[in-house]
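# below are the sequence and a predicted model; questions follow.
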Amino acid sequence: MLSESEIKALITLLDDEDSEIVKHVEAQILAAGTAILPFLENEWQSRSLQPLLHERLEQIIHSLRFESLKNRFKEWKNKESEDLLKGAWLIATYQYPEVSYESLKEQIEQIYYNVWGHFRENLHPYDQVRIINYVLFDEMKFSANTQNFHSPANSMLNRVLETRKGNPISLCILYLLVAQKLNLPIYGVNMPNLFILIYQGSERPFYINAFNRGLIFTKSDIDNYIAQLGLMPQESFYTPTSHLEIIKRVCRNLIVSYEQLGETEKMQELQEILDILSE
């Protein structure tokens, strides 16, 4: 592993006028791997760097962070895909690497306690859902971000918790995380053009639209929606999907969001993550 003095010397060479030297230096730093990330980040934050040097160091840091993130997604997919919160956290760290898993967990727990305080024994499933709806959409003012629908922030759980605004799938993820802690049989459903939830208890299943303040609806409503889209019904439009599929759909949403912004590099990186999750 490179010593601190060696890393500092390499950083200094990043603004060399010879592009071949710069490429060689970048390759050396990248070859050292993610172990040197904390030192690079400290240098990037604490030193007064020339703009070009600052930009090149920032790009190296991003490259190392992205390699680390891809490895964490591989591990999550293979070992931890039941942990929806961790998947949502990994997505958030793509844009906000400083976000901590524990911070998101604490915020979800607080929402859970707010909802749990309204619960009592033997509530009908509809009443359970109405309580969650009341806390999320009336008390806490979570809502659909219809004015800036394609903003990448709508897919980042930390930003949804901060702004109280999200898209269909991020609001469903928030809803799901609370419902899981309440031990309710609520799951995600991968409908075309809209992500929804299903309450699949012992009684007749029903559906929940978190993007429309938790509106409750039935299978026949989905039938009508599918018919309006001119699509043939598929079982996946009505039944629970896995947490892995949920996070894959978030990736696809983000690819569209970055496409709208013309951010080709981020589109490509999210496609890399989607490919890892699809292997």
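Sure, I can see it.

# could you list the domains of this structure?
Domain assignment for the chain, taken from automatic domain parsing, gives 4-80, 84-278.

# can you give me the helices for the stretch 1-150 of the chain?
Using DSSP state H, counting those that start in this stretch, the helices found in the stretch 1-150 of the chain span residues 4-12, 19-31, 37-46, 51-75, 84-95, 101-116, 125-133.

# related to what we said a few turns ago, how about the domains of the chain in TSV, adding mean neighbour count and mean pLDDT?
Heads up, the C-betas are built off the backbone N, CA and C, glycines and all. Listed next are these as TSV, based on neighbours: other Cβ atoms under 10 Å; pLDDT from 0 to 100:
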stretch	mean neighbour count	mean pLDDT
domain 4-80	14	81
domain 84-278	17	96
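
# in a strand, that's where residue 195 is, yeah?
Yes: assigned with DSSP: H, G, I helix; E, B strand; the rest coil, residue 195 falls within a strand.

# dig out what it forms beta bridges with.
residue 190 (DSSP bridges).

# list phi and psi for residue 209.
The phi/psi pair for residue 209 (degrees, to the nearest 10) reads phi -110, psi 100.

# show me what contacts it?
Contacts for residue 209 were tallied using Cβ atoms under 8 Å, 6 or more residues apart in numbering; they are 168, 194, 196, 197, 215, 217.

# swap in residue 204?
Here residue 204 is in contact with no residue (Cβ under 8 Å, 6+ apart).

# what's the answer for residue 198, then?
Residue 198 sits next to 186, 187, 188, 189, 205, 206, 207, 208, 238, 239, 240 when contact means Cβ under 8 Å, 6+ apart.

# ok, now with 7 Å
187, 189, 205, 207, 240 (Cβ atoms under 7 Å, 6 or more residues apart in numbering).

# repeat for residue 151
By Cβ under 7 Å, 6+ apart, the neighbours of residue 151 are 145, 257.

# could you check how far it is from residue 266?
With distances taken as Cβ to Cβ, to the nearest Å, residue 151 is found 13 Å from residue 266.

# now do the strands in the stretch 151-279 of the chain.
Ranges of strands in the stretch 151-279 of the chain, per DSSP state E, counting those that start in this stretch, are 165-166, 186-191, 194-199, 206-209, 215-217.

# any chance of these in CSV, with distance to residue 29 too?
Formatted as CSV, the strands of the stretch 151-279 of the chain follow (distance: least, Cβ to Cβ, whole Å):
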stretch, distance to residue 29
strand 165-166, 37
strand 186-191, 41
strand 194-199, 40
strand 206-209, 48
strand 215-217, 52
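
# got JSON lines for the helices of the stretch 1-150 of the chain, with distance to residue 144 too?
Output for the helices of the stretch 1-150 of the chain, formatted as JSON lines (distance: least, Cβ to Cβ, whole Å):
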{"stretch": "helix 4-12", "distance to residue 144": "45"}
{"stretch": "helix 19-31", "distance to residue 144": "41"}
{"stretch": "helix 37-46", "distance to residue 144": "36"}
{"stretch": "helix 51-75", "distance to residue 144": "28"}
{"stretch": "helix 84-95", "distance to residue 144": "18"}
{"stretch": "helix 101-116", "distance to residue 144": "17"}
{"stretch": "helix 125-133", "distance to residue 144": "13"}
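
# for residue 95, which non-adjacent residue is spatially closest?
residue 156 (5.8 Å; Cβ to Cβ, 6 or more residues apart in numbering).

# look up phi and psi at residue 204.
phi -60, psi 130.

# an error on my part: the question was meant for residue 121.
The phi/psi pair for residue 121 (degrees, to the nearest 10) is phi -70, psi 150.

# that one and residue 127: what is the separation?
12 Å.

# which neighbours do those two share?
Common neighbours of residue 121 and residue 127 (Cβ under 7 Å, 6+ apart) do not exist.

# what's residue 263 in contact with, if anything?
With Cβ under 7 Å, 6+ apart, residue 263 has no contacts at all.

# that one and residue 68: what is the separation?
In terms of Cβ to Cβ, residue 263 sits 21 Å off from residue 68.

# ditto for residue 44
Counting by Cβ to Cβ - residue 44 and residue 68 are separated by 16 Å.

# can you check residue 206 too?
42 Å.

# now residue 225
Taken as Cβ to Cβ, the span from residue 225 to residue 68 is 41 Å.

# likewise for residue 7?
When residue 7 is compared with residue 68 (using Cβ to Cβ), they lie 17 Å apart.
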